[in-house]
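Trainee: based on what follows, work out the 3D shape:
(one chain, ligands or ions: 1)
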Amino acid sequence: MAARKEDIARTPSTRGPTMAEQADRHSLYEQSVQNVESEVEFIVDTFKALRGRAPLSFREDFCGTAAAACEWIRQGPAQTAIGVDIDAEVLSWGRSHHVEKMQPGQQARLQLHHENVLHVTAEPVDVVGAFNFSYFLFKQRDQLRAYFESVRTGLTANGLFILDAFGGHEASEEMKEKTKYDHFTYIWEQEKFYPITGEMLCHIHFKFPDGSKMKKAFSYDWRLWTLPEIQEVLLEAGFRKVTVYWEGTDSDGEGDGVFTPDEKGEADAGWIVYIVAEQ
Ligand SMILES: C[S@@+](CC[C@H](N)C(=O)[O-])C[C@H]1O[C@@H](n2cnc3c(N)ncnc32)[C@H](O)[C@@H]1O
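Mentor: Alright, predicted model coming up:
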């Protein structure tokens, strides 16, 4: 969802444009939310471990700026990628900020589809990825199963569907969490959580050193799906095997970015996992 003009707060003392007014929400999102290098590394390593070869073709569903699809292309000359997003504005941003900056040969291996992920028209691929919990927008079990079924039919015979999920007791709290970066502060807000439906309303805001704010730069109207539900629905959609990859911890008890197969997990306050569903 786009930041609205009235959501960009102006400090009274500032005459020129505020830092919020000059900022680019897609660039801020990429800097604070995404780590496409580690995402692609996880996909490649997991595919090699399960299939004994490097994956070649990748479809990034809910691709936004297509940062992961572009990172995929950079893996080597045999790699191809498709990015799928329903929003023409974010695709156009990705095209001008990422795709057009790549070599012509790299650009030729990447397609951006302005489509609904429920109805993708593309060649089958080795891997479909859906990251940053984007599929949480499907709130009904039937809708989620229909999406997972459509992903399965878009995979090659040994293809993998890789998605992420988050949870833990903090996930259902109404709260705000701030993370400071060099030139801005990222604020994750869980504004509403409804225990009976599992629905949640979340926002990303950005705050700047001059005091200006970009409120509701992005908003998410989601259902907080649980891991048992997601695994069940993937199996109902016809995937043969589903494995959850749990994150290890460093000496301070923080996530270490290393995800390995696990069957039970731990009662952490807040966790993120990868889920791998095999065709
Ligand atoms: C949370 S962003 C994800 C961006 C990026 N993939 C990431 O990992 O951070 C969700 C994206 O999904 C797109 N989207 C929402 N509904 C969609 C649908 N039905 N089909 C395709 N894209 C959709 C939105 O336009 C938005 O760009």
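
Trainee: show residues contacting stretch 263-273.
Mentor: Residues from elsewhere that reach stretch 263-273 (Cβ atoms under 8 Å, 6 or more residues apart in numbering): 164-171, 227, 244-247, 255, 259. Where you see a C-beta, it was placed from the backbone N, CA and C, and this is true even at glycine.

Trainee: of those, buried ones?
Mentor: The neighbour count (16 or more other Cβ atoms under 10 Å) marks 164-167, 171, 227, 244-247, 259 as buried among the contacts of stretch 263-273.

Trainee: which one of these sits closest to residue 204?
Mentor: For these, the minimum distance to residue 204 (Cβ to Cβ) is 14.3 Å, reached by residue 166.

Trainee: so which helix or strand takes in that closest one?
Mentor: In this structure, residue 166 sits in strand 155-167 according to DSSP states H and E.

Trainee: what does residue 190 give?
Mentor: Here residue 190 is assigned to strand 185-194, by DSSP H and E.

Trainee: could you do residue 112 as well?
Mentor: strand 110-114.

Trainee: mind listing what's buried in that strand?
Mentor: Buried-residue list, strand 110-114, by 16+ other Cβ under 10 Å: 110-113.

Trainee: could you do stretch 174-182 as well?
Mentor: In stretch 174-182, counting by 16+ other Cβ under 10 Å, buried: nothing.

Trainee: now stretch 138-145
Mentor: Of the residues in stretch 138-145, those buried (16+ other Cβ under 10 Å) are 138, 144-145.

Trainee: residue contacts, the residue lying closest to residue 274 once chain neighbours are set aside?
Mentor: Closest residue to residue 274 apart from its sequence neighbours, by Cβ to Cβ, 6 or more residues apart in numbering: residue 245 at 4.2 Å. Residues near residue 245 by Cβ under 8 Å, 6+ apart: 42, 46, 259-262, 273-276.

Trainee: PyMOL command for the buried members of those?
Mentor: In PyMOL, a selection of the buried entries from those looks like this (16+ other Cβ under 10 Å):
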select buried, resi 42+46+259+273+274+275+276
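
Trainee: one step back: which of the contacts of stretch 263-273 sits closest to the ligand?
Mentor: residue 164 (8.3 Å; Cβ to the nearest ligand atom).

Trainee: name whatever forms a beta bridge with that closest one.
Mentor: Assessed by DSSP bridges, residue 164 has beta-bridge partners residue 274.

Trainee: next, the contact list for it, please.
Mentor: 130-133, 272-275.
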